[in-house]
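Q: Here's a sequence, model it:
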Amino acid sequence: MAARPFVTLAFAQSLDGSIALPGQRIELSGPESMKMTHELRAAHDGILVGVGTVIIDDPKLTVRLASGPNPQPIVLDSTLRLPLTASLLNHPDHPLWVAATDPEPNRQSALEALGARVLRLPPASDGRVNLPALLERLGGLGIQTLMVEGGASVITSFLQQRLAHRLVVTISPQLLGGVKAVAALAESVPLRNPAFRALGQDIILEADLF
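A: As a prediction, this is how the structure comes out:
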């Protein structure tokens, strides 16, 4: 069995813990903390987001504001809702990996025709991709370090299942009253060795998990 990758949760939130407004893309990070985020990307083998983030934000998940390689992009997408026009399907270095449970064959063929690789994985009890199984698969594919950028349900799932090792949060000086970064957890998550620092207009929190 391959070793699971070291997982870093990295996201930006407002002072009230929101990462977005419902159905809307919003920039929370200042230029300095955005550069830090790109440095983090370059330091990881893979970068993972949920399909909801792709649908709303259409991210590239590349390293543009720092020096270093682009990580392997991975999307959690149980039923293959990924738009065929997604920017990730035109990645400059890596074919997109899409983690699914029981993909519809025609949809899978359409994504594969655009260069994507569909990773079929067992479902968890809620029907979504089984995250421990995904991490083991990624380890077997050579991913030793994984950066998880969101969205909220993905962040919550990694925390709930105690699958992340490191937390890096950019805290923006604004109030949104929007979608919370972390939904209700079964138990509190203690942060070990927390450290705060100012970076431009933002505050960066870094801590070890579990």
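Q: Now do the end-to-end distance for stretch 126-137.
A: Length of stretch 126-137, first residue to last, Cα to Cα, to the nearest Å: 20 Å.
Q: Identify each buried residue in that stretch, please.
A: 128-131, 134-137 (16 or more other Cβ atoms under 10 Å). (C-beta placed from N, C-alpha, C; glycine too.)
Q: list the helices and strands the helix or strand Val54 falls within packs on?
A: Val54 is located in helix 51-57, with elements delineated by DSSP states H and E. On a contact count with 3 or more Cβ pairs under 8 Å, 6 or more residues apart in numbering; DSSP states H and E, helix 51-57 meets strand 72-76.
Q: Rounded mean pLDDT for the helix or strand just after the strand it packs on, please.
A: For strand 72-76, the following helix or strand on the C-terminal side (DSSP H and E) is strand 97-100. The average of the pLDDT scores along strand 97-100 is 98.
Q: Run me through the strand neighbours of strand 97-100, direction for each.
A: Using DSSP bridges, strand 97-100 pairs in its sheet with strand 72-76 (parallel), strand 117-120 (parallel).
Q: Other residues contacting the shortest one?
A: I take that to be strand 117-120. 80, 95-103, 108, 111-112, 134, 137 (Cβ atoms under 8 Å, 6 or more residues apart in numbering).
Q: still on that earlier bit, for the buried residues of stretch 126-137, work out which two are farthest apart.
A: Arg128 and Glu136 (16.2 Å; Cβ to Cβ).
Q: Turn the strands paired with strand 97-100 into JSON lines, columns for mean pLDDT, distance to Asp58 and mean neighbour count.
A: Converted to JSON lines, those look like this (pLDDT from 0 to 100; distance: least, Cβ to Cβ, whole Å; neighbours: other Cβ atoms under 10 Å):
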{"stretch": "strand 72-76", "mean pLDDT": "98", "distance to Asp58": "12", "mean neighbour count": "25"}
{"stretch": "strand 117-120", "mean pLDDT": "97", "distance to Asp58": "20", "mean neighbour count": "16"}
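Q: Turn those into CSV, including distance to Ala42.
A: Conversion of the strands paired with strand 97-100 to CSV gives the following (distance: least, Cβ to Cβ, whole Å):
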stretch, distance to Ala42
strand 72-76, 12
strand 117-120, 22
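Q: So which of the buried residues of stretch 126-137 sit within helices?
A: 131, 134-137 (DSSP state H).
Q: Let me know the closest of those to Gln160.
A: Among those, and counting by Cβ to Cβ, the member closest to Gln160 is Leu131, at 9.5 Å.
Q: Take the buried residues of stretch 126-137 and write them to a markdown table, including pLDDT.
A: Formatted as a markdown table, those follow (pLDDT from 0 to 100):
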| residue | pLDDT |
| --- | --- |
| Arg128 | 95 |
| Val129 | 97 |
| Asn130 | 98 |
| Leu131 | 98 |
| Leu134 | 98 |
| Leu135 | 98 |
| Glu136 | 98 |
| Arg137 | 98 |
